[in-house]
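[1] Generate a structure from the sequence data that follows.
(chains A and B, ligands or ions: 3)
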Amino acid sequence: MPARSVLLSGTDERDLTKLDEYRAVGGYKALSKALKMEPAAIVEEVTVATLRGRGGAGFPTGRKASFVLKEPPTYLVINADESEPGAFKDREIMLRVPHRLIEGCLISARAIESQEVFIYIRGEYLAEFEVLRAALDDAREAGLLGDITIVLHRGAGAYICGEETALLESLEGERGQPRPRPPFPPVNGLYGRPTQINNVQTIATVPAIIELGGAEFAKIGPENSPGTAVFSLSGNVVNPGNYELELGTPLRELIYDVGGGVAGGRELKAIIPGGSSVPILTPDQIDTPLDFDSIAEAGSFFGSAAVIVIDDRCCMVQLALRAEKFYMHESCGKCTPCREGTRWLVSLLQTIEDGRAERADLDLLLSVCDRMLGKSLCALGDFAVYPVASYARHFREEFEAHLDGRGCPFDGESSIEGIFA
Amino acid sequence: MSLAERIQEIATEYPQRRSAILPALRLAQEEYGWLPPEALREVGDALELAPAQCEAVASFYDMLHLAPVGRHLVEVCTNLSCALVGAQQVLETFETELGVKAGETTEDGEVTLRALECAGGCGRAPVVVVDHRYHEPLKPEDVPAIVEQLRAGP
Ligand SMILES: Cc1cc2nc3c(=O)[nH]c(=O)nc-3n(C[C@H](O)[C@H](O)[C@H](O)COP(=O)(O)O)c2cc1C
Ligand code: SF4
Ligand code: FES
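    Ligands and ions are numbered 1, 2, ... in the order given. A predicted model of the protein is given here:
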């Protein structure tokens, strides 16, 4: 499958952070075109393109835009809070093609007849904020913003603020705790107004859709998940990094052809295909095409297009424990199953890792997972379950080998030994 | 411009003033080094919020400090991708070089060391963030030079 570039197109030859360079590769032409279109026609192109949101859930972007009530003021909010363990793709876009994101914002705002855009950028992303701010200043000075304002809003370190309703709370100046839905943001979002929320990559794809036309864009990649994505490849792989590929590219191609295979000649043990929050895949699933439907069929999720490669030196109980401590720390505390369940899982995993657990504890671990799944206000409650439940299912024997006083079979030699000390 | 004036200026960017609380707390923290009660009061006064509201918000976010921290902040990512390629050795080397454990500040109040969740640099792991600037990748053998710079620097 070709390494087609849409999002990062032109970045290898030119410094596209500069406005004139971006214009030299056709930048802001899609905006000119969109300014001559009716808002509904822009939404229609995105709908025909069957663009699916790149923030994790894969919701059709055109449909989302069509839900936004036309009752001003309405808002467009860009989710640039990227904090999913394994993901570093939005950062690449902001650092290398900030104008493509800005152009996407201006077109998308017009599509929903909104005059105010907020980009909520992860607090730790200081360099990215600076690049984006400079690009925004240049675009504003060049008169490209028209009657639209774009405000860059920096977060302050909280994974949960990537969840769209928590993000809105945070943007309103509250603690970043998710809201119950309905009402959904397109009806009642920021400051109680109709609001569209999209991921950085989703919006940075919009200029290409307007330029090519929705029907032409829809021909890139598989029918039900067209387009490209920047995949973040990390872990025990020879060439980690960001790679833009057509959706539907087989996992094997990303890890072996593009990524150079498992580092140090080790054996592949497992692959996390969409960031730490999705179920793990095993080496026999290496031919899974990287698109929304195919990964779902394989029992996991496309998630954040963040592929983590794990070699045979890693203890899966330790990996589960490391992942679960993250969710325990990031749980906002609003729902009991998530707040208490994550603590239970951490404590049970620690018992297993230390060799203090019996079979009943492993059963309890899985039963806590069952009792958390689908029982919380937001998806973090599920994200906290997927790693543990899927590692325990696919690596059951390894979990069992820890039981009854035997302790970690890696005997101090696991690749992530000591990480939670 | 005073802190209050700067906060009020930022607040004009938002349809509702309260939205300026994170930028305001960040500014106050830059001025005070952390967020002592008087900083929370100043932010509260500028935005017409009770100090307790400011504290409730500040306590939610990892980048806002309600207790003093060192003049320098060293954060070592210990999430999955970094862990898989040796983040623990990097963290341990910092612990040895600085003579503190993760979560502690050196006795002279100069450097706070802490573990960080995924910093978004997993492709160039292990990632260390020093005073908000990314070092990626950072290997254990790079640690002494970083510590020396911090000790010598302003
Ligand atoms: C705990 C949690 C964290 C999330 N973090 C992010 C994030 O960092 N960036 C993002 O775009 N979406 C994130 N999402 C998904 C958003 O809620 C939302 O679905 C997305 O921003 C919608 O944009 P899209 O339709 O363009 O995909 C997160 C969801 C959850 C439950
Ligand atoms: S599921 Fe967890 S993170 Fe989400 S709202 Fe409930 S407690 Fe908060
Ligand atoms: S896991 Fe360390 S930067 Fe992502």
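
[2] how about the strands in chain B?
    Along chain B, the stretches classed as strands by DSSP state E are B:72-77, B:111-116, B:128-130, B:133-135.

[3] Could I get the full set of strands for chain A?
    A:75-80, A:116-121, A:149-154, A:195-199, A:228-235, A:241-246, A:268-272, A:306-311.

[4] could those be laid out in a markdown table, adding mean pLDDT, mean neighbour count and distance to chain B?
    No exception for glycine: its C-beta is placed from N, CA and C like everyone else's. Formatted as a markdown table, the strands of chain A follow (pLDDT from 0 to 100; neighbours: other Cβ atoms under 10 Å in any protein chain shown; distance: least, Cβ to the nearest Cβ, whole Å):
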| stretch | mean pLDDT | mean neighbour count | distance to chain B |
| --- | --- | --- | --- |
| strand A:75-80 | 98 | 27 | 9 |
| strand A:116-121 | 98 | 24 | 7 |
| strand A:149-154 | 98 | 18 | 5 |
| strand A:195-199 | 98 | 25 | 12 |
| strand A:228-235 | 98 | 27 | 4 |
| strand A:241-246 | 97 | 22 | 5 |
| strand A:268-272 | 98 | 23 | 8 |
| strand A:306-311 | 98 | 26 | 6 |
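
[5] Which of those sits closest to residue A:323?
    Using Cβ to Cβ as the measure, strand A:268-272 is the one of the strands of chain A that comes nearest residue A:323, at 9.1 Å.

[6] Wondering if that closest one reaches ligand 3 at all.
    No: figure legend: strand A:268-272 not in contact with ligand 3 (Cβ under 6 Å from any ligand atom); closest approach 11.3 Å.

[7] do the same with stretch B:99-118
    Yes: shown here: stretch B:99-118 in contact with ligand 3 (Cβ under 6 Å from any ligand atom) through residue B:118.

[8] Quick check: buried residues in that stretch?
    Residues of stretch B:99-118 classed as buried by neighbour count (16 or more other Cβ atoms under 10 Å in any protein chain shown): B:100, B:102, B:105, B:106, B:111, B:112, B:113, B:114, B:115, B:116, B:117, B:118.

[9] pLDDT averaged over it - what is it?
    Averaged across stretch B:99-118, pLDDT comes to 96.

[10] Quick one: end-to-end distance for it.
    Stretch B:99-118 has its terminal residues 24 Å apart, counting by Cα to Cα, to the nearest Å.

[11] Whether that stretch contacts ligand 1 - can you check?
    No: Stretch B:99-118 lies out of reach of ligand 1 by Cβ under 6 Å from any ligand atom, never closer than 10.5 Å.

[12] got a list of contacts for that stretch?
    With contacts defined as Cβ atoms under 8 Å, 6 or more residues apart in numbering or on different chains, stretch B:99-118 is touched by A:83-87, A:159, A:276, A:326, A:329-330, B:62, B:68-82, B:91, B:94-95, B:98, B:127, B:129, B:147, B:150-151.

[13] From the chain's centroid, how far away is it?
    11 Å (Cα atoms, centre = their mean, to the nearest Å).

[14] quick one: contacts for residue A:354?
    Contact partners of residue A:354, counting by Cβ under 8 Å, 6+ apart, are residue A:407.

[15] any idea how far it lies from ligand 3?
    24 Å (Cβ to the nearest ligand atom, to the nearest Å).

[16] ditto for residue B:96
    In terms of Cβ to the nearest ligand atom, residue B:96 sits 21 Å off from ligand 3.

[17] same deal with residue A:235?
    Distance from residue A:235 to ligand 3, by Cβ to the nearest ligand atom: 9 Å.

[18] I'd say that residue and residue B:82 touch.
    No: the pair residue A:235 / residue B:82 is not scored as a contact, 9.6 Å apart, by Cβ atoms under 8 Å.

[19] which residues are in contact with both of the two?
    residue B:122.

[20] Get me the contact residues on chain A for ligand 2.
    A:160, A:178, A:331-335, A:338-339, A:376-378, A:380-381.

[21] of the residues you listed, closest to residue A:307?
    Nearest to residue A:307 among the residues of chain A next to ligand 2, with distances taken as Cβ to Cβ, is residue A:380, at 21.0 Å.

[22] wouldn't that closest one be in contact with residue A:331 here?
    Yes: the criterion here is Cβ under 8 Å, and residue A:380 meets it with residue A:331 at 6.4 Å.

[23] shared neighbours of the two, which are they?
    Joint contacts of residue A:380 and residue A:331 (Cβ under 8 Å, 6+ apart) are A:160, A:338.

[24] Just the ones in helices from the contacts of stretch B:99-118, please.
    In this view, the contacts of stretch B:99-118 that belong to helices under DSSP state H are A:326, A:329-330, B:80-82, B:91, B:94-95, B:98, B:147, B:150-151.

[25] How far away from the center of its chain is whichever helix in chain A runs longest?
    Assignment by DSSP H gives helix A:336-353 as the longest helix of chain A. From the chain centre to the centre of helix A:336-353 is a distance of 25 Å (Cα atoms, centre = their mean).

[26] Thank you, goodbye.
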